[in-house]
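[1] Sequence unavailable; structure follows:
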């Protein structure tokens with residue numbers, strides 16, 4: 001269990017350093033859940049994010065996937081009523 005906890009905490013530092021590439025819109029909610037784990041502290045380790053899928057526009061993507069995106073974002077009360085952790089991403 002100690003090694004699993006170690007990799008859970010330390011692994012994202014290494015994995016996110018070179019950045020991530022999302023190949024489909026369906027990966028966005030999964031990515032957000034992962035990056036916001038541990039109270040959003042993983043955001044600081046993200047080197048870059050690339051979206052390599054075609055979509056008419058970012059606005060259309062947000063409108064079409066808004067329910068999925070909102071379902072993974074934490075309630076602002078989780079961070080003491082502040083969105084400080086979310087602005088780091």
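    Here it is on my side, so go on. Please read all numbers here as calculations on a predicted model, not as lab measurements.
[2] Next, give phi and psi for residue 62.
    Main-chain dihedrals, residue 62, degrees, to the nearest 10: phi -60, psi -40.
[3] That one: neighbour count?
    Residue 62 has 12 neighbouring residues, counting by other C-beta atoms under 10 Å. Quick note: C-beta positions are derived from backbone N, CA and C, even for glycine.
[4] likewise residue 34?
    15.
[5] Roughly how far does it sit from residue 63?
    Distance from residue 34 to residue 63, counting by C-beta to C-beta, to the nearest Å: 23 Å.
[6] Stretch 54-67: which residues count as buried?
    Within stretch 54-67, the residues that qualify as buried by neighbour count (16 or more other C-beta atoms under 10 Å) are residue 61.
[7] and that stretch, how far from the chain's centre?
    Distance, stretch centre to chain centre, for stretch 54-67: 17 Å (C-alpha atoms, centre = their mean, to the nearest Å).
[8] Show me where the protein dips below the pLDDT cut-off.
    1-3, 55, 69-70, 72-89 (pLDDT under 70).
[9] Do a quick rundown of the strands in it.
    With strands called from DSSP state E, the chain shows them at 20-22, 49-51.
[10] Make TSV from the ones you listed and add distance to residue 7 to it.
    As requested, the strands of the chain are exported to TSV (distance: least, C-beta to C-beta, whole Å):
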stretch	distance to residue 7
strand 20-22	18
strand 49-51	22
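[11] Cheers, nothing more for now.
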